[in-house]
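1. Fold the following.
(one chain, ligands or ions: 1)
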Amino acid sequence: MRLVLLGAPGSGKGTQATRLKEALGVPHISTGELLRAAVAAGTELGKQAKAVMERGELVSDDIVLGMLEERLGQADVGNGFILDGYPRNLAQANALDALLARLQQPVDVAVQLDVGTELLVQRLAGRAQQEGRADDNPESVRNRLRVYSDQTEPVIDFYRQKNRLICVYGVGSVDEVLARVLAAIEGASGKS
Ligand code: AP5
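-> Numbering: from 1, shown residues only. All right, here's what the predicted structure looks like:
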């Protein structure tokens, strides 16, 4: 199963991906996590990405694609993957399409987690208090939401036009949302 998880900051992509990887038996690949690991390790790439991420803007397409290409080349992705945080604009969506076509492993399904803005802001404020993630401060959150609506929302239409999109209501307990996602994926595989 090759699955792309779409949704605004705080919609639960990372939370659901952690559970979906167990349910589907494929690795969770988060470009945000890969970038945070590079920042923490102080690599050249991490140094370039740090300030951009803290402002809530997008790291350059070339850097993220290179990092993703390397990750998709690893042995554990043979049976598929859950991609969280990529693609984030139409250029990335087209780049992913071309990369996966070359690998003969096209995306099976894109799941969009739908959560209203007020709840997104509440969740991220809660995480800011608990975990202190560098980009969960109010100004960066506003920026991340703006970037999402300007640059990432068009990606939803990209997958809709390819008949690959499923929209799942992302409000409720983590288990409730997980059950909806799994049911939607099962329904979609039944149709194809
Ligand atoms: P990234 O790490 O991808 O962050 P994000 O998209 O802003 O998403 P979040 O991690 O904030 O939210 P999420 O949807 O994963 O929700 P989560 O499960 O964590 O990217 C960070 C930055 O890296 C970007 O801004 C950019 O700079 C850079 N970057 C990454 N990818 C890039 C790319 N492709 N191109 C360029 N730059 C890129 O949940 C959020 C909170 O809500 C948690 O506290 C969680 O416990 C809680 N929660 C989750 N589900 C529920 C629920 N059902 N009920 C109650 N609480 C819940």
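2. Quick one: list the elements packing against the helix or strand where residue 82 lies.
-> Per DSSP states H and E: residue 82 is located in strand 81-84. Contacts defined by 3 or more Cβ pairs under 8 Å, 6 or more residues apart in numbering; DSSP states H and E place strand 81-84 against strand 2-6, helix 13-24, strand 28-30, helix 31-41. The C-beta positions use only the backbone N, C-alpha and C, and glycine is treated the same way.
3. Pick the most buried one from these.
-> Of the helices and strands packed on strand 81-84, the one with the most neighbours on average (mean count of other Cβ atoms under 10 Å) is strand 2-6, at a mean of 24.
4. just checking, what packs against that one?
-> Secondary-structure packing of strand 2-6 (3+ Cβ pairs under 8 Å, 6+ apart): helix 13-24, strand 81-84, strand 109-114, helix 153-161.
5. so which of those comes closest to residue 58?
-> Closest to residue 58 of the helices and strands packed on strand 2-6 is helix 153-161 (Cβ to Cβ; 12.1 Å).
6. could you give the angle of the closest one to strand 109-114?
-> 130 degrees (axes from the mean of the first three to the mean of the last three Cα atoms, to 10 degrees).
7. which residues sit against helix 153-161?
-> 4, 6, 87-90, 92-93, 107, 110, 112, 165 (Cβ atoms under 8 Å, 6 or more residues apart in numbering).
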